[in-house]
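**Q** Provided below are the primary sequence and the corresponding predicted coordinates.
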Protein chains: 4
Amino acid sequence: MGMMFPEIRAEVADLHKHLIQWGLVVWTAGNVSARVPGEDLLVIKPSGVTYDQLTAESMVVADLDGKLVEGDHNPSSDTEAHAYVYRHMPEVNGVVHTHSPYATAWAALGEDIPCAITAMADEFGDDIPIGPFALIGSDAIGRGIVETLAGRRSTAVLMAQHGPFTIGKSAKAAVKSAVMCEDIARTLHLARQMGPLKRLPQTDIDKLYDRYQNVYGQTKQGSR
Amino acid sequence: MGMMFPEIRAEVADLHKHLIQWGLVVWTAGNVSARVPGEDLLVIKPSGVTYDQLTAESMVVADLDGKLVEGDHNPSSDTEAHAYVYRHMPEVNGVVHTHSPYATAWAALGEDIPCAITAMADEFGDDIPIGPFALIGSDAIGRGIVETLAGRRSTAVLMAQHGPFTIGKSAKAAVKSAVMCEDIARTLHLARQMGPLKRLPQTDIDKLYDRYQNVYGQTKQGSR
Amino acid sequence: MGMMFPEIRAEVADLHKHLIQWGLVVWTAGNVSARVPGEDLLVIKPSGVTYDQLTAESMVVADLDGKLVEGDHNPSSDTEAHAYVYRHMPEVNGVVHTHSPYATAWAALGEDIPCAITAMADEFGDDIPIGPFALIGSDAIGRGIVETLAGRRSTAVLMAQHGPFTIGKSAKAAVKSAVMCEDIARTLHLARQMGPLKRLPQTDIDKLYDRYQNVYGQTKQGSR
Amino acid sequence: MGMMFPEIRAEVADLHKHLIQWGLVVWTAGNVSARVPGEDLLVIKPSGVTYDQLTAESMVVADLDGKLVEGDHNPSSDTEAHAYVYRHMPEVNGVVHTHSPYATAWAALGEDIPCAITAMADEFGDDIPIGPFALIGSDAIGRGIVETLAGRRSTAVLMAQHGPFTIGKSAKAAVKSAVMCEDIARTLHLARQMGPLKRLPQTDIDKLYDRYQNVYGQTKQGSR
């Protein structure tokens, strides 16, 4: 009998390459998941497996309580947090967690990253907010992500003294958010070393966000 | 029927590799264009396409108002700014835009990078200036680039709270300027963390710039 | 006649790839060793050989006084320190030494890295401590490692004005500790540039460490 | 007729790979040379050629006044400085020049890098000194290198507001010095961001340097 959702597994396995390519993770410390469309299930990285060993076959399927449904390994220890997000944010179809160095430095500091450059207004439309400190092993991390992001434009939250979680309409969009979050966290860390950061005017942030979300990247056929 | 300007397309597609190799971009956030010699046209990266998917075929041709002439994707959302530069600076045949982290940190700070090391005097002959803050969607970015660089030696401008744009006599020269701009922005950021930067004497900057622009890199046959 | 312990040699040679992949070393400045199970012997990197030349054959076998037993090259000049650790810490089966830049910066500063993020509580369960300054050429380095780590959870010690040594139940675990030590040293260096570090509450550190050491990464079959 | 010194050309071309591998250069901004044993000649990188185009054939031969002897391109614009070193330091058989970012940051600052970690005592036996500011186009750079390094242990000098030059008994040794210089400049830049650097006691520097230069890396046969 074949494994469940071979295409989603392959996509999720493949998306982890971005975490390595853009310097977001070391060893096994980061994970990508995707919601299975129309099912109360998700596909996620197995726990403790290194990136060069990730294959469609090694991915695991879990339910939205984070319990293993199919797979040869345990799901990532962050699965409960991913599952909580999928249960409470129906528009979210992808979640990413990393300990990327600059974003995690801001998370250790405990301050929102102010929306001070146009690329951040484009992608996040807002400051990237700090979430609460929460221990693993209960709903606390998932609840902190959802409560922080609910009603905001930002698709990234910096869980305090822990690291970034990002969400997206697709797993790829959540990966893009993680990559952009680290890039922006880096640029604004470097800028802050030289002087105080200046938040963009809210009206400019609004204009940039609206244009980027509605115009950017569309093909002539109107699809993304 | 074959596509227009296959050699220029191939060159522009290929030059994007430098943006990845030297750490100037993540995801799709950077673009290279070239003027089509003798035509009111340019070749540029398509919008929202990742670097590993860039081919000569995927490049797009636009006119100097930034309108699509040929291509399967929309041109980069920065095309209007590139086009404005080509319209107003006839000596420019290549334009590059990135959000490279150190140059963008200086752009967020809003200060010119002072000409404090010999490599910067060689390549830029000057401070790298800050340009105005300008929103996308009108001539404002292009005008800010042209007004800042007109009459200056520097081929790089740091658009405030946005990032660097670079120009060149060729697309390759504009790419080199982007690479050198980031390298110098990094070195002088690191130096500034340790103490105040010392601008080189203007007479030394002049000598270095003159020598580098007129002697460096020439072959025995006198060509570059 | 075949060489001794070909599988351990191959594993130790291969583990050095992580030092390059994760940016822990330049040139030849880092080494991994493994205890030979059931023997008073260790396998270690040869001295002065570059990483791209490391093969199972080039690895050397030394006794637990650091004396060469088999190999075409001298053992790493750090072998005495590794050997001292194996003599005095029977639970240790792998040792790694690097001059990774951020961990070595903390070693130059001479301050413990405070346990300020959850990934550090997971992996180290503690601050990463500074060890004494010790010269090569006697037991001083090995003794400094053992005295600093004895009775602590941390598997990493920052030898003052020198660099990190890490230990593990296996050579791979010691390599993981070195990779995580550098990653955490980097993140907390970056955070410290922006504001004072906040150590996590000890009760939270204890919970995180206990969970990670006892639950994380286990397969369904209960093995690691 | 075959080209002169094919083996030295191949070695010098190949050594440039280290400049890329260890992040010492961008674009074409760095060069390696080797003295031709027994001749008043040197082999060096051609001017303005990118690293991926370097081959044994593209290397150029110059005399010790920096004049081209054989080659299809002009020699590096730094050839006069390399040649001056070979004329005045007969024990030197390799010279390297880069604008590696951390070493150049110290050069922009204008301060010696203090000998504050054991790896620096091993390799350089001393602080890495600042040399004078000197313009290209005369003997000034070469003289500044020689006058700064004469009678010192350090094989690296940071030419003020310019960048590092390193020397060695072989071209490979000069490359190693350039790699270690950047690594140490980085580590001590990072350390200095956290607190004042503490120079090692001179007696410990002497012991470390003596041991490393006379013992480290030797094979059982006594060769390096």
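**A** Thanks, I have the structure now.

**Q** Could you list the low-pLDDT ranges of chain A?
**A** Chain A contains residues with pLDDT under 70 at A:1, A:216-224.

**Q** got the residues of chain A near chain C?
**A** A:26-29, A:47-48, A:68, A:72-74, A:77, A:99, A:101-102, A:104-111, A:135-137, A:161-163, A:189, A:192-193 (Cβ under 8 Å from any Cβ of the partner chain). In this view, the C-beta of every residue, glycine as well, is placed from N, C-alpha and C.

**Q** Beta-bridge partners for the residue nearest the centre of chain A, please?
**A** Central residue of chain A (Cα atoms, centre = their mean): residue A:166, 2.2 Å from the mean position. With DSSP bridges as the criterion, residue A:166 is bridged to residue A:96, residue A:156.

**Q** pretty sure it contacts residue A:155?
**A** Yes: contact criterion Cβ atoms under 8 Å: residue A:166 and residue A:155 qualify, at 5.5 Å.

**Q** what touches both of those two?
**A** A:174, A:177 (Cβ atoms under 8 Å, 6 or more residues apart in numbering or on different chains).

**Q** To what extent is the closest residue to chain C within chain A buried, counted in neighbours?
**A** Using Cβ to the nearest Cβ, the single residue of chain A nearest to chain C is residue A:48, 2.8 Å away. Under the neighbour criterion other Cβ atoms under 10 Å in any protein chain shown, residue A:48 is assigned a count of 16.

**Q** looking at it, it is touching residue A:73, isn't it?
**A** Yes: in this structure, residue A:48 is within contact of residue A:73 by Cβ under 8 Å, at 7.5 Å.

**Q** Quick check: buried residues in the longest helix belonging to chain A?
**A** Longest helix in chain A, counting residues (DSSP state H): helix A:171-194. Buried positions in helix A:171-194, judged by neighbour count with 16 or more other Cβ atoms under 10 Å in any protein chain shown: A:171-194.

**Q** For residue A:73, see how far away residue A:210 is.
**A** 43 Å (Cβ to Cβ, to the nearest Å).

**Q** what residues are up against the residue of chain A found nearest chain D?
**A** In chain A, the residue that lies nearest chain D is residue A:193 (8.7 Å; Cβ to the nearest Cβ). Residues in contact with residue A:193, defined by Cβ under 8 Å, 6+ apart, are B:105, B:189, B:193, C:193.

**Q** higher neighbour count, residue A:210 and residue A:73?
**A** Each of residue A:210 and residue A:73 has its neighbours counted (other Cβ under 10 Å); residue A:73 has more, 19 against 13.

**Q** Report the secondary structure state of that one.
**A** coil (DSSP: H, G, I helix; E, B strand; the rest coil).

**Q** Repeat that for residue A:17.
**A** Following three-state DSSP, we place residue A:17 in the helix state.

**Q** Pull the number of nearby residues for it.
**A** By other Cβ under 10 Å, 14 other residues sit near residue A:17.

**Q** could you say what helices and strands the helix or strand harbouring residue A:142 packs with?
**A** For residue A:142, the host element (DSSP states H and E) is helix A:140-149. Applying 3 or more Cβ pairs under 8 Å, 6 or more residues apart in numbering or on different chains; DSSP states H and E, we find helix A:140-149 packed against helix A:79-88, strand A:130-131, strand A:156-159, strand A:163-168.

**Q** Show me what the second one is packed up against.
**A** Going back to what we said before, that points to strand A:130-131. Using 3+ Cβ pairs under 8 Å, 6+ apart: strand A:130-131 touches helix A:140-149, strand A:156-159.

**Q** can you put those in a markdown table and add mean neighbour count?
**A** Listed next are these as a markdown table, based on neighbours: other Cβ atoms under 10 Å in any protein chain shown:
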| stretch | mean neighbour count |
| --- | --- |
| helix A:140-149 | 21 |
| strand A:156-159 | 27 |
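
**Q** Identify the bridge partners of the closest residue to residue A:73 other than its chain neighbours.
**A** Leaving out its chain neighbours, the residue that sits closest to residue A:73 by Cβ to Cβ, 6 or more residues apart in numbering or on different chains is residue A:46, at 3.4 Å. Applying DSSP bridges to residue A:46 gives these bridge partners: residue A:75.

**Q** I'd like to know how many residues surround residue A:46.
**A** Count around residue A:46 with other Cβ under 10 Å applied: 23.

**Q** Distance check, it against chain B.
**A** 26 Å (Cβ to the nearest Cβ, to the nearest Å).

**Q** wait, what's in contact with that residue?
**A** A:58, A:59, A:60, A:71, A:72, A:73, A:74, A:75, A:76.

**Q** that older thread, strands - which of the residues of chain A next to chain C land there?
**A** Members of the residues of chain A next to chain C lying in strands (criterion: DSSP state E): A:68, A:163.

**Q** Alongside chain B, which residues does chain A contribute?
**A** Counting by Cβ under 8 Å from any Cβ, chain A sits next to chain B at A:22, A:116-119, A:176, A:179-180, A:182-183, A:186-188, A:190-191, A:193-195, A:197-198, A:200, A:204, A:207-208, A:211-212, A:215-220, A:224.

**Q** ok, and the closest non-adjacent residue to residue A:45?
**A** residue A:31 (4.1 Å).

**Q** Doesn't the one you found belong to a strand?
**A** Yes: assigned with three-state DSSP, residue A:31 falls within a strand.

**Q** how many other residues sit next to the nearest residue to residue A:186 once chain neighbours are set aside?
**A** Once flanking residues are discounted, residue A:186 sits nearest to residue A:102: 4.1 Å by Cβ to Cβ, 6+ apart. A count of nearby residues for residue A:102, using other Cβ under 10 Å, gives 26.

**Q** do residue A:93 as well
**A** Neighbours of residue A:93 (other Cβ under 10 Å): 21.

**Q** How much space separates residue A:195 from residue C:23?
**A** For residue A:195 relative to residue C:23 (Cβ to Cβ), the value is 29 Å.

**Q** Looking at these two, which is more packed in?
**A** residue C:23 (18 against 12).
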